[in-house]
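>>> Whatever this is, show me its structure:
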Amino acid sequence: LPAQTLREFLGTHTLPKGVPFLIAAKGIESETGMLLSQVATEKMSDLIPLALSGPNFASEVARGLPAASTLACPNETVLSRVMDMLQTPRLRLYQTSDIIGAQAGGSLKNVIAIACGICDGLHMGDNARAALMTRGLAEI
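Alright, predicted model coming up:
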């Protein structure tokens, strides 16, 4: 689901109590400033939110190209169970209980990615893009 449609989706769908709910979208709800796990648990307090954070391109993951992601969930038991279901020889998952940090980092790195695209569009060169990425990640 796109980030800005999560609240509406959860308002019109019923999910079983205590179900793990994997959030793969990156973003912060524009109207409230809430992270998506916060939106999910506000709409359905019995959900167990997990956040999957790249950096990845879904089309490359679907083609079986190597990738790595972070899977975040404050519930360690659910985190381990879902990690075992999702990890493959070509998709390496790193786990963390810091769902807030994983979501914030995933959202903020997209700002840096957009800035890098602007840098490329302005033909500023690899050094400028590398400096922008390095400093941007340090700031995050």
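
>>> so where's the longest helix in the chain?
Looking across the chain with DSSP state H, the single longest helix is helix 99-121.

>>> could you say what helices and strands that helix packs with?
helix 36-43, strand 48-53, strand 67-72, helix 126-139 (3 or more C-beta pairs under 8 Å, 6 or more residues apart in numbering; DSSP states H and E). Yep, even glycine has a C-beta here, placed from its N, CA and C like the rest.

>>> Parallel or antiparallel, which strands does the second one pair with?
Put plainly, it is strand 48-53. Its sheet considered, strand 48-53 pairs with strand 20-23 (parallel), strand 67-72 (antiparallel) by DSSP bridges.

>>> mind checking which of those strands is nearest residue 91?
strand 67-72 (5.3 Å; C-beta to C-beta).

>>> after the closest one, next one along is what?
Using DSSP states H and E, the next helix or strand after strand 67-72 towards the C-terminus is helix 76-86.
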